[in-house]
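# Kindly generate the corresponding structure for this input.
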Amino acid sequence: MAMGKYSRVDGRKSSSFCSTAAIIVFVAFCLVGIWMFMSSSVVPVQDSELSSKETGNEVKETVPKSVSKQFDDSPGDLPEDATSGMPRKESGRIDEDNSTENLVESNNENKVSQNSAEENQEENHANESADEKIESGNEQKVVNEDEGDVNGKDGETNSREGENEGGEMNKNVPAESEESSAENRSESTEGEENNEEEANTDQIKHADKEALLTEEKNEKNQDEHLEQSAVENGVGNEETNQASNEILPAGAQSEILTESTTQDGAWSTQAAESQNEKKSQQSSISSETNGHHWKLCKSTAGPDYIPCLDNWRVIRKLPSTKHYEHRERHCPEEAPTCLVPLPEGYKRSIKWPKSRDKIWYYNVPHTKLAEVKGHQNWVKLTGEYLTFPGGGTQFKNGALHYIDFIQDSVPEIAWGKRTRVILDVGCGVASFGGYLFERDVLAMSFAPKDEHEAQVQFALERGIPALLSVMGTKRLPFPSSVFDLVHCARCRVPWHIEGGKLLLELNRVLRPGGYFVWSATPVYQKLPEDVGIWQEMSRLTKSMCWDLVTIKKDRLNGVGAAIYRKPTSNECYNKRSKNEPPLCEENDDPNAAWNVSLQACMHKVPVDSTERGSLWPAQWPERSEQPPYWLNSQVGVYGKAAPEDFTADYNHWKTVVSQSYMNGMGIDWSSVRNVMDMKAVYGGFAAALKDLKVWVMNVVPIDSPDTLPIIYERGLFGIHHDWCESFNTYPRTYDVLHADHLFSSIKNRCKLVTVIAEVDRILRPEGKLIVRDNAETISEVESMAKSLQWEIRMIYSKDNEGLLCVRKTFWRPTEEEPIKSAIV
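Model (predicted):
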């Protein structure tokens with residue numbers, strides 16, 4: 001559903017009652033004249049209110065009374081002290097009388113035929129055409145809820161509104177079928193007038209000028225006491241707020257405060273935690289400019305450019321690459337503001353679950369893995385597709401058999417019950433994680449950007465969670481003790497060297513009582529090198545107090561696996577004859593993970609029943625709804641007791657998702673697979689989506705309360721990140737990005753334009769960005785979205801709080817900007 005922008009217009013009283021009455025009578029006569037000549041194409045006036053016309057780029061619909069309730073996020077959508085929305089230039093007369101205010105609609109039909117009731121219908125259509133061209137640039141409008149049931153019933157002018165009202169809004173958006181670009185554009189082709197709606201940029205600009213000229217003429221005839229609101233983004237469309245038609249709830253309904261008023265509660269931020277371990281992350285404060293002239297990034301990586309992983313200026317100067325330093329993050333001094341090009345022949349991604357088995361070749365046009373790993377059933381080139389038979393180095397005959405083999409080896413693993421969130425190290429194309437969805441298991445798969453060309457990109461294009469990362473010199477960007485199981489199938493990591501530093505990092509993130517599944521040649525082969533590695537691993541795991549539960553042979557695939565279990569107490573640590581590996585210092589924070597160097601030490605296992613990690617979480621799916629046991633003594637982010645905060649947050653997002661996001665955004669969720677919550681708190685948004693066939697990457701910014709352990713505890717996953725830098729993913733890898741009060745908070749540390757450029761890089765063409773923020777920030781994001789040629793699907797603001805949904809298009813600029821740091 002696309003909805004128009006609401007702007008509150010504070011009118012002034014006329015200098016005299018007589019002039020006001022004259023204006024009302026004059027406008028009424030004009031409206032009657034217009035109605036008489038246009039009764040076949042204009043909705044009749046009811047209750048002194050005019051319907052506003054919507055001809056947005058794709059979603060053009062009204063907001064009926066019944067549907068406006070979708071946005072009443074009763075458990076706390078927005079605070080009660082919110083103020084009106086973003087200013088827009090108005091040219092209608094505003095009187096103290098509410099009915100007069102409702103007469104001032106955003107349709108330029110009110111501007112024509114004002115000098116004579118006998119002006120012909122053709123002139124009215126000329127102005128309507130100008131409106132359509134303006135609004136096709138994503139300026140959409142909404143009618144009053146009292147006349148929502150009337151719109152779209154009479155005439156071809158509103159036939160599009162009626163179609164979308166009944167079809168897209170009330171039927172879970174079947175019109176937005178996401179199967180082809182033609183289908184997505186079909187919504188704008190209803191009626192005879194719609195043949196002209198897909199105007200190019202020049203036509204839009206011409207329509208803007210025409211509308212502005214009309215507006216200026218009308219302004220000359222207005223009373224000198226009328227007040228105009230500011231023009232935003234150069235569009236002179238009239239817009240008004242109808243107080244009775246509120247999309248966001250009144251403050252009295254709010255149970256949870258918005259992010260803008262959150263506090264840290266009992267949790268320090270990841271930035272503060274990591275600063276104590278290493279140097280803090282500094283970001284320059286800079287001023288913002290809304291307008292931007294976009295250019296195309298010119299880099300060696302081309303369509304696969306990742307700013308913090310393709311910084312060759314720094315990589316070339318590294319003193320050593322022994323520990324994979326060249327695969328780690330090296331962000332440029334200034335984040336890029338250019339746009340990454342599309343691969344030639346790029347198409348909309350194939351839907352899940354078909355995407356698990358095949359993707360378009362031209363979306364990820366790399367064949368090296370098919371050449372070197374095809375015999376292991378990783379990936380094959382089949383015509384215009386890259387196909388994935390479901391195999392891997394250790395499971396050539398399919399991942400499902402291998403997954404069952406692991407559980408048969410240790411039944412206590414209990415996929416999808418006891419074991420819900422796992423880490424897959426060196427994941428390849430992530431078929432293991434892809435097939436674990438059938439067992440209700442979430443796998444955080446990661447691998448470096450290395451000679452295994454585009455392996456993580458393949459995974460994400462298939463709709464499987466994956467991340468670019470490497471076990472090098474830094475801690476993984478996860479909290480301690482959060483993964484139920486860690487898996488390594490020939491992951492090419494030398495666990496045994498340098499005091500076991502890398503295996504000790506797995507020990508940090510593995511939950512006490514969790515399992516480490518190691519499927520590699522040293523487990524089942526007897527070559528001298530393999531025997532030596534096995535001996536070293538046996539010594540190391542024993543000194544780490546890991547229990548070797550079993551060694552099993554998979555006869556079908558001809559491989560074996562050793563399965564270890566991390567201790568649940570410190571008894572073994574205290575009995576060791578040698579303190580090797582050593583226990584970490586008491587002041588070493590195991591949760592500090594952002595840009596923190598690895599340490600060859602182990603943290604003690606928590607044993608106090610009030611500490612996180614001392615008990616295993618509830619089974620899935622119960623754990624997704626239950627506050628973690630260790631929250632009892634803490635204060636939550638929103639100021640309440642943490643368990644109450646947790647429950648209220650979950651109820652809030654369930655309401656928002658069910659009443660707004662499912663039916664109110666014009667999003668076909670059957671076409672959505674990869675979702676990112678750019679500023680997660682408790683993971684309530686992700687939990688509210690758990691019954692859909694989607695997965696959500698929960699990102700906790702480093703300057704936000706460090707609630708990421710709570711997200712893992714409820715059976716979800718996520719990562720720490722600094723949004724002043726690029727994210728460790730390939731371009732075009734997410735279908736929906738969700739930003740709840742992120743952009744307003746990030747503006748104090750870095751340029752908003754760089755964050756929007758990163759959003760564009762991450763988001764797939766035709767993907768959606770949902771923003772909840774203050775009105776000023778919503779206005780800035782909207783302005784940048786328009787400059788990117790994105791479609792405004794829905795925008796609303798009330799009491800200084802706003803909601804925006806935009807859709808990325810296939811548009812790319814033609815002018816290039818060389819990125820010197822990214823050119824080899």
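
# Quick check, residue 515 in contact with residue 506.
No. Using Cβ atoms under 8 Å, residue 515 makes no contact with residue 506, being 11.1 Å away. Every C-beta, even on glycine, is put in place using the N, C-alpha and C of the backbone.

# mind showing which ranges of the stretch 301-450 of the chain have poor pLDDT?
Residue ranges of the stretch 301-450 of the chain with pLDDT under 70: 374.

# partners of the longest strand anywhere in the chain in the sheet?
For the chain, the strand with the greatest residue count under DSSP state E is strand 763-774. Sheet pairing for strand 763-774, assigned by DSSP bridges, gives strand 734-740 (parallel), strand 801-807 (antiparallel).

# about what we covered before: list the residues that contact both of residue 515 and residue 506?
Common contacts of residue 515 and residue 506, defined by Cβ atoms under 8 Å, 6 or more residues apart in numbering, comprise residue 486.

# pLDDT weak spots in the chain?
Along the chain, the model assigns pLDDT under 70 to residues 1-21, 35-267, 273, 275-291, 374.

# So which residues of the stretch 551-700 of the chain form strands?
Assigned by DSSP state E, counting those that start in this stretch, the stretch 551-700 of the chain shows strands spanning 559-565, 674-677, 695-701.

# Need those in TSV (columns: mean neighbour count).
Output for those, formatted as TSV (neighbours: other Cβ atoms under 10 Å):
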stretch	mean neighbour count
strand 559-565	22
strand 674-677	26
strand 695-701	25
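
# mind checking which of those is nearest residue 774?
strand 695-701 (17.0 Å; Cβ to Cβ).

# Name the residues that touch the closest one?
Identification of contacts with strand 695-701 by Cβ under 8 Å, 6+ apart yields 270, 442, 465, 673-681, 683, 685-686, 689, 706-708, 711, 716-723, 727, 734, 742, 745-746.

# Those residues in helices, which ones?
Applying DSSP state H to the contacts of strand 695-701, the entries found in helices are 270, 685-686, 708, 711, 745-746.

# still on that earlier bit, can I get whatever helix or strand comes next after the longest strand of the chain as CSV, trimmed to CA atoms?
The helix or strand immediately downstream of strand 763-774 is helix 775-787, counting by DSSP states H and E. Written as CSV, here are the backbone C-alpha positions of helix 775-787 (Å, rounded to 0.1, in the frame of the first residue of the first chain):
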residue,chain,number,x,y,z
ALA,A,775,10.1,14.3,10.9
GLU,A,776,13.3,16.2,10.1
THR,A,777,15.2,13.0,9.4
ILE,A,778,12.3,11.5,7.4
SER,A,779,12.4,14.6,5.2
GLU,A,780,16.1,14.3,4.7
VAL,A,781,15.9,10.6,3.8
GLU,A,782,12.9,11.2,1.5
SER,A,783,14.9,13.9,-0.3
MET,A,784,17.9,11.6,-0.9
ALA,A,785,15.6,8.8,-2.0
LYS,A,786,14.1,11.0,-4.6
SER,A,787,17.5,12.0,-5.8
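
# just to revisit the earlier point, identify whichever of the strands of the stretch 551-700 of the chain lies nearest to residue 795.
Closest among those, once you apply Cβ to Cβ, is strand 674-677, at 20.4 Å.

# strands paired with the closest one, and their directions?
Paired strands of strand 674-677, with direction, are strand 695-701 (parallel), strand 734-740 (parallel) (DSSP bridges).

# mind putting the ones you listed in CSV, distance to residue 560 included?
As requested, the strands paired with strand 674-677 are exported to CSV (distance: least, Cβ to Cβ, whole Å):
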stretch, distance to residue 560
strand 695-701, 30
strand 734-740, 37
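
# Let me know how buried residue 432 is, in neighbour terms.
Neighbours of residue 432 under the rule other Cβ atoms under 10 Å: 27.

# On the three-state scheme, it is what?
Here residue 432 is helix, with the state taken from DSSP: H, G, I helix; E, B strand; the rest coil.

# how many neighbours does the nearest residue to residue 325 once chain neighbours are set aside have?
In space, and not counting its chain neighbours, residue 325 is closest to residue 318: 5.1 Å by Cβ to Cβ, 6 or more residues apart in numbering. Counted by other Cβ under 10 Å, the residues lying close to residue 318 total 12.

# What values do phi and psi take at the closest residue to residue 329 other than its chain neighbours?
Nearest-residue entry for residue 329: residue 308, 4.5 Å, with adjacent residues in sequence omitted and distances by Cβ to Cβ, 6+ apart. For residue 308, the backbone dihedrals are phi -80, psi -10 (criterion: degrees, to the nearest 10).

# Please tell me how far the residue nearest to residue 325 sits from residue 334.
As defined by Cβ to Cβ, to the nearest Å, residue 318 lies at a distance of 20 Å from residue 334.

# same check, this time on residue 748
In this view, residue 748 and residue 334 are 17 Å apart by Cβ to Cβ.

# Compare neighbour counts for those two and give me the winner.
residue 334 (13 against 10).

# sec struct for the more buried one, please.
coil.

# Can you give me every residue that contacts it?
Counting by Cβ under 8 Å, 6+ apart, residue 334 touches residue 754.

# Disregarding residues adjacent in the polypeptide, which is nearest to residue 810?
Nearest residue to residue 810 in three dimensions, chain neighbours excluded: residue 765, at 4.7 Å (Cβ to Cβ, 6+ apart).
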